[in-house]
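**Student:** Just a sequence and a predicted model for now, questions to come.
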Amino acid sequence: MKKKMVSFKELGLSNTKKMFAVAQDKKFAVPGYNINNLEQLQAIIMGCGESESPVIIQISQGARDYANQTMLRYLAQGGVEMAKEQGFDIPIALHLDHGNSFDLCKSCIDNGFSSVMYDGSHLDYEENIKVTRKVVEYAASRDVSVEAELGVLAGIEEHVKSDVHKYTDPDQVEDFVNRTGCDSLAIAIGTSHGAYKFKVEKSEDIPELRFDILQEVRKRLGNFPIVLHGSSSVLKEYVDIINQNGGQLEKAFGIPEEQLRKATQFGVSKINIDTDGRLVVTAIVRKILTANPKEFDPRKYLGPARDELKKLIILKNKNVLGSSGQARYIK
Ligand code: G3H
Ligand code: 13P
Ligand code: ZN
């Protein structure tokens, strides 16, 4: 059966254009939070709603495989309705994270996503431009935003894998943005995906991100939205709870929050966070099940995990991204 095309506008979603314009102006970052299930979405809507933050809900290819793209789109639509019902007036974008082909981006655009990332960072430069441009042209006809990537983040995702960083070359960014027409650009300045971002023994040894590259990119692009992937902070508090309750996360370190705050001051307009949410949920579930071995009602452990995730989101929006209270300026 042929699927009916649906525009994000019919679903009450927003693209990222106005969000980024205001973020540029007011020097904050819009959160890109990943979801795979209902509880994560509820925590994000409640957390961003209560903190009056715009939000980009991100669906990875792994999430699509896990929960089904159509299901996730309806879930996001439900999130928009729930936000309204709660009296929250916040812009919500539904975004494909790390799309690896034109067809996948097209399928998301046709099915109500308001933003897509085409991640051609693993391709050679000209090929990355070619496919990104094709996605931009298709997306433009539907007013959908496109994020592109230049430079490679070390770390592992399900579909994009690299052992080493390849920092973004500032000499390429202007040409890349002009020729692709993308709406935002993800750059590599030392962040990476997952819970093991640095090979260090203690947090004091975590190196600085390459702010020199960020500043150089900024100089070349002017007021253009820059995105940081791999920006979880891997909070010790939750890693400790996991390890105290049977987990084995050794030497897990993330990007210190003060470095992320600095990045927003240097013009980063979107910060992607997935791992921190996973750690919170795992910490609470482990803690509750360890203390209550007879429990078997998922609501009894997923509910508190969801509440803790909401708290984390409120704190991130306020103290790290600076996105709290900004929704009212995005009209
Ligand atoms: O950047 C990637 C996100 O953390 C998604 O990860 O591919 O395991 O869903 P995933
Ligand atoms: P983290 O693994 O640091 O949360 O990064 C998530 C991300 O970049 C999603 O695209
Ligand atoms: Zn990413």
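**Tutor:** Noted; the coordinates are in hand. Ligands and ions are numbered 1, 2, ... in the order given.
**Student:** packing partners for the lengthiest strand in the chain?
**Tutor:** Using DSSP state E to assign secondary structure, the strand with the most residues in the chain is strand 92-99. Contacting strand 92-99 under the criterion 3 or more Cβ pairs under 8 Å, 6 or more residues apart in numbering; DSSP states H and E are the following elements: strand 30-34, strand 55-59, helix 61-67, helix 69-85, helix 102-110, strand 115-118, strand 145-150. Using the backbone N, CA and C atoms, a C-beta is placed for each residue, glycine as well.
**Student:** how about these in CSV, adding mean pLDDT?
**Tutor:** As requested, these are arranged in CSV below (pLDDT from 0 to 100):
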stretch, mean pLDDT
strand 30-34, 98
strand 55-59, 98
helix 61-67, 96
helix 69-85, 95
helix 102-110, 97
strand 115-118, 98
strand 145-150, 98
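**Student:** Could you export these as a markdown table, including mean neighbour count?
**Tutor:** Output for the helices and strands packed on strand 92-99, formatted as a markdown table (neighbours: other Cβ atoms under 10 Å):
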| stretch | mean neighbour count |
| --- | --- |
| strand 30-34 | 26 |
| strand 55-59 | 27 |
| helix 61-67 | 17 |
| helix 69-85 | 18 |
| helix 102-110 | 19 |
| strand 115-118 | 28 |
| strand 145-150 | 27 |
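**Student:** Turn those into CSV, including distance to ligand 1.
**Tutor:** As requested, the helices and strands packed on strand 92-99 are arranged in CSV below (distance: least, Cβ to the nearest ligand atom, whole Å):
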stretch, distance to ligand 1
strand 30-34, 5
strand 55-59, 7
helix 61-67, 3
helix 69-85, 12
helix 102-110, 13
strand 115-118, 9
strand 145-150, 11
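**Student:** want to throw these into JSON lines with distance to Ala188?
**Tutor:** Written out in JSON lines, the entries for the helices and strands packed on strand 92-99 read as follows (distance: least, Cβ to Cβ, whole Å):
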{"stretch": "strand 30-34", "distance to Ala188": "16"}
{"stretch": "strand 55-59", "distance to Ala188": "18"}
{"stretch": "helix 61-67", "distance to Ala188": "20"}
{"stretch": "helix 69-85", "distance to Ala188": "27"}
{"stretch": "helix 102-110", "distance to Ala188": "21"}
{"stretch": "strand 115-118", "distance to Ala188": "14"}
{"stretch": "strand 145-150", "distance to Ala188": "8"}
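**Student:** Of all the ones you listed, which one is nearest Asp212?
**Tutor:** Go through the helices and strands packed on strand 92-99 one by one with Cβ to Cβ and the one that ends up closest to Asp212 is strand 145-150, at 16.5 Å.
**Student:** could you check the angle helix 102-110 makes with that closest one?
**Tutor:** Orientation note: strand 145-150 sits at an angle of 150 degrees relative to helix 102-110 (axes from the mean of the first three to the mean of the last three Cα atoms, to 10 degrees).
**Student:** so what does strand 145-150 touch, helix or strand wise?
**Tutor:** Judged by 3+ Cβ pairs under 8 Å, 6+ apart, the packing partners of strand 145-150 are strand 92-99, strand 115-118, helix 125-140, helix 170-180, strand 184-187.
**Student:** contacts for the last one?
**Tutor:** Going back to what we said before, that points to strand 184-187. Applying Cβ atoms under 8 Å, 6 or more residues apart in numbering, the set of residues contacting strand 184-187 from outside is 16, 20, 117, 119, 121, 145-151, 168, 173, 176-177, 213-214, 217, 221, 224-229, 269-270.
**Student:** what's downstream of it, the next helix or strand?
**Tutor:** Toward the C-terminal end, the helix or strand that comes next after strand 184-187 (DSSP states H and E) is helix 211-221.
**Student:** and that following helix, average pLDDT?
**Tutor:** Helix 211-221 shows an average pLDDT of 98 in the prediction.
**Student:** And for Gly247, nearest residue in space, chain neighbours not counted?
**Tutor:** By the measure of Cβ to Cβ, 6 or more residues apart in numbering, the closest residue to Gly247 outside its immediate chain neighbours is Arg286, 6.0 Å from it.
**Student:** My guess is that neighbour contacts Gly246. True?
**Tutor:** Yes: Arg286 sits in contact with Gly246 when judged by Cβ atoms under 8 Å, with a separation of 6.2 Å.
**Student:** which of those two has more neighbours?
**Tutor:** Arg286 (20 against 10; other Cβ atoms under 10 Å).
**Student:** show me where pLDDT drops low in the stretch 151-300 of the chain?
**Tutor:** Within the stretch 151-300 of the chain, the ranges that satisfy pLDDT under 70 run 155-164.
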